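> sequence and predicted structure, then a few things I'm wondering about:
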Amino acid sequence: MRPLIAPGTWMLVDFGARPSGNGEIVLLGLGDVIVAHRVVATVRDATGTFVVTKGDAEPYCDAPASAEDVIGVVRALRRAPGGRATTLGCAGPSARMIAHISGWSGRSARRARRLAPSLPVRLRRLARTAVLPLGRTATRLATAPLASAARVQTAVKERG
């Protein structure tokens, strides 16, 4: 979830809550670990509601998870244990924009991976090695201004 959620960032979580839309950051179990990933799509079918999540700096989306598997929703972030909380990037228009860009980069990475076998050998190698860094870079470029704004917003609140 870098650069918005860097190592050491504290997350204020509403445990038991369900995501209300794209862009929200949720906690869910992936294998043996609990991860914080952003909801990039919601899918409803006859068996229930599923959320598609993705780490902001990850190239691919996670497998759809049942909305019931969501442990909680991240409502705010703190840069330090005693610092002020900020909601920037956790919900609202900024979070939806990040989800849109992150989802787009994930779909593009998946398409590039699917097309790679049809390319000549040299281009195939290039495509396979370039997909991961390009997907991460696109999302990091889009989220970096928000991460900086969140740090400034937090610093201003602490001084004021």
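Cool, the structure landed.
> which residues are in contact with the strand ranked longest in the chain?
Scanning the chain for the strand with the most residues, using DSSP state E, yields strand 33-45. Residues from elsewhere that reach strand 33-45, judged by Cβ atoms under 8 Å, 6 or more residues apart in numbering: 1, 5, 11, 19, 21-29, 49-56, 58, 61-62, 64, 67, 71, 74, 95, 98-100, 102-103, 106. C-beta coordinates here come from the backbone N, C-alpha and C atoms, glycine included.
> if any of those are buried, put those into a ChimeraX selection.
Command for ChimeraX that selects the buried part of those, burial taken from 16 or more other Cβ atoms under 10 Å:
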select :1,5,11,19,22,23,24,25,26,27,28,50,51,52,53,54,55,56,58,61,62,64,67,74,95,98,99,102,103,106
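> surely Gly16 and Leu27 touch.
No. Gly16 is beyond contact range of Leu27, at 10.7 Å (criterion: Cβ atoms under 8 Å).
> what sits in contact with each of these two?
Common contacts of Gly16 and Leu27 (Cβ under 8 Å, 6+ apart): Gly72.
> where do the helices sit along the chain?
92-115, 121-159 (DSSP state H).
> rank those helices by mean pLDDT and give me the bottom one.
Mean pLDDT is lowest for helix 121-159 among the helices of the chain, at a mean of 67.
> count of neighbours near the residue nearest to Arg110 when sequence neighbours are not counted?
Leaving aside its sequence neighbours, Arg110 sits nearest to Tyr60 (Cβ to Cβ, 6 or more residues apart in numbering; 6.2 Å). Tyr60: 16 surrounding residues under other Cβ atoms under 10 Å.
> who's in contact with Tyr60?
Applying Cβ under 8 Å, 6+ apart, the residues near Tyr60 are Lys54, Gly106, Ala109, Arg110, Gly135.
> same deal with Thr49?
Thr42, Val43, Ser66, Ala67.
> tell me how far it lies from Val43.
The gap separating Thr49 from Val43 is 7 Å, by Cβ to Cβ, to the nearest Å.
> go on, Asp69?
Applying Cβ to Cβ, the value for Asp69 to Val43 is 13 Å.
> do Val26 as well
15 Å.
> before we move on, back to that, so which of the contacts of Tyr60 comes closest to Ala91?
Checking the contacts of Tyr60 against Ala91 by Cβ to Cβ gives Lys54 as the nearest, at 16.7 Å.
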